[in-house]
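In: predicted structure and sequence below. I'll ask about it afterward.
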Amino acid sequence: MPNLSLKSRFASLFSTRDSPGYTMVEQESTAHSTIGSPHVQKELTSVQNALAYISFMLVGMSRYAVALELLYRCSEFLELKGVEYLRKLDKCVFYYREFTQHLSAHKGNLALRSSIALGFNIVLFFVIAGSTFTNFSANAYFGFIIFMCILSACSTGLMQNGAFGFCGLFPTIHAQAIMTGQGIAGILPSVVQIILLTTSKSKHDAKNHLEEASARIAFAYFLTASAISLLAFFANALLIRISKDLPPHPFITTTSDSTSFHRLWKLFKQLLPLSISVVAVFLVTLSIFPGITSSVTPVSSRPLRKDIFISLGFLVWNASDLLGRTVAGLKPVSKALVPHPRYISILTWSRVIFIPLFILCNIYDKGSVIKSDVFFFFLLTLNGLSNGLLGSLCIMSALEMSNNRQDAGGFMSLMLCLGLALGSCVSFAVVAVAKSIR
């Protein structure tokens, strides 16, 4: 038996094939390999499919960078303006860098990437949970949280990179499982905040209640995040075992930067409508949520307090987003839209209408053109539903249309994060316009 280094032995534990790793490749087009051609894959058993779906969902749930929202909302730093945008921009920048490095790499083990990131997240969230009982000064703790955001962004980008690329080995529906898992992770902070707010008697009591409960709630939340990351780590190991029942894929080593660029450019041309669509989905969403939506106040103060109204808005949007991601996995929906990128693009660009519609709501308590809180929540529901549905369909369709599914998954993840970054930047302009015309 050959003498293997420690790194080689560790990598071999996460190899999806008999070899310790595999190479990201360019598949040249032939008369029998064109965009939209069927992918010949060995059928997984129903049990394997179910286990793989649940495992990918757990991997999606482990994207707990969004869980930092809870720590912001349950701490005194909530009053620091712009922190939410800074967090999103930091995350997007690091996602972008990670995906760019992946797509230009000569080779890499996607399963190993996910496993390392998940292992890092287990430790990271455990450290954050323990930090809730420390007595740092406000400034020191704020710096610590920003540093944790950066680390979380890097590890989450690495994990999502591997997950979307790795799911290219599986049937397309498993990409939707990752998106659904991310939706579940997004809804949890809103549920916790609603519970905290509704158990207090007044807005003043609510603030005191949040401050008193922040350490206890944040500790439990991030300890749970560590546990879910641990489950996702073992789920990823299960996916590796299941992937060995899939047929082998041809891998051709690329050794020059020009070849890597050629592969990336070829992917971009193949997936142009879908890549632009997924950017547009999240650009429109981030341009109004949460920048505009969190500034909307109730038309009538009788039904809900202002703080509960805003928190309920987050919950409605996240629940609708999760519903949209789930609906994308239904066979009638996926069969009707996944093979038709043009339909997805039309639906995506129609979402631009949400921007002026949200500006008509009661922003900064300056009055609403349509004097109804129901209208605002209806818009939130449609926006969240369409975000989850179209975002999932874009990635599912890209995997179906590309003749290099692993690279397609990573490339679409890059485009998704580019949409988040652009949307965060555009939101400043949308807020400025809303202030000037209202």
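Out: Received it, and whenever you're ready, just let me know what you need.
In: every contact and neighbour count from this point should use C-alpha atoms.
Out: Noted.
In: shaky segments in this structure?
Out: Filtered on pLDDT under 70, the chain yields the residue ranges 1-43, 63-109, 138, 196-197, 199-218, 245-261, 301-305, 438.
In: wouldn't S155 be in contact with A117 here?
Out: Yes. In this structure S155 lies within contact range of A117 using Cα atoms under 8 Å: 5.0 Å.
In: for the two, indicate the residue with more neighbours.
Out: Shown here are S155 and A117; by other Cα atoms under 10 Å, S155 has more neighbours (26 against 22).
In: any idea how many residues pack against I370?
Out: Residues lying near I370 (other Cα under 10 Å) number 14.
In: next one: phi and psi at it?
Out: Dihedral pair for I370: phi -110, psi 110, per degrees, to the nearest 10.
In: and the helix or strand where S152 lies, what's buried?
Out: Element membership of S152, judged by DSSP states H and E, is helix 138-166. Across helix 138-166, burial judged by 16 or more other Cα atoms under 10 Å covers 141-142, 145, 148-166.
In: following that helix, which helix or strand shows up next?
Out: For helix 138-166, the following helix or strand on the C-terminal side (DSSP H and E) is helix 173-198.
In: what's the angle from that following helix to helix 138-166?
Out: 150 degrees (axes from the mean of the first three to the mean of the last three Cα atoms, to 10 degrees).
In: who does helix 173-198 touch, helix- and strand-wise?
Out: Helices and strands touching helix 173-198, by 3 or more Cα pairs under 8 Å, 6 or more residues apart in numbering; DSSP states H and E, are helix 46-61, helix 68-73, helix 138-166, helix 203-243, helix 306-327, helix 373-401.
In: quick one: residues in contact with the first one.
Out: What it means is helix 46-61. Helix 46-61 is contacted from outside by 160, 163, 167, 173-175, 177-185, 228-229, 231-233, 235-236, 238-239, 242, using Cα atoms under 8 Å, 6 or more residues apart in numbering.
In: give me that answer again for 7 Å
Out: When contacts are defined by Cα atoms under 7 Å, 6 or more residues apart in numbering, helix 46-61 is touched by residues 174, 177-182, 184-185, 232, 235-236, 239, 242.
In: over to stretch 390-399?
Out: Around stretch 390-399, the neighbours that count as contacts under Cα under 7 Å, 6+ apart are 168, 172, 175-176, 179, 271, 274, 278, 281, 325, 328, 338-339, 341, 344, 348, 405, 408-409, 412.
In: kindly recompute the last result at 6 Å.
Out: Stretch 390-399 has contacts (Cα atoms under 6 Å, 6 or more residues apart in numbering) with T172, Q176, L274, V278, R325, V338, R405.
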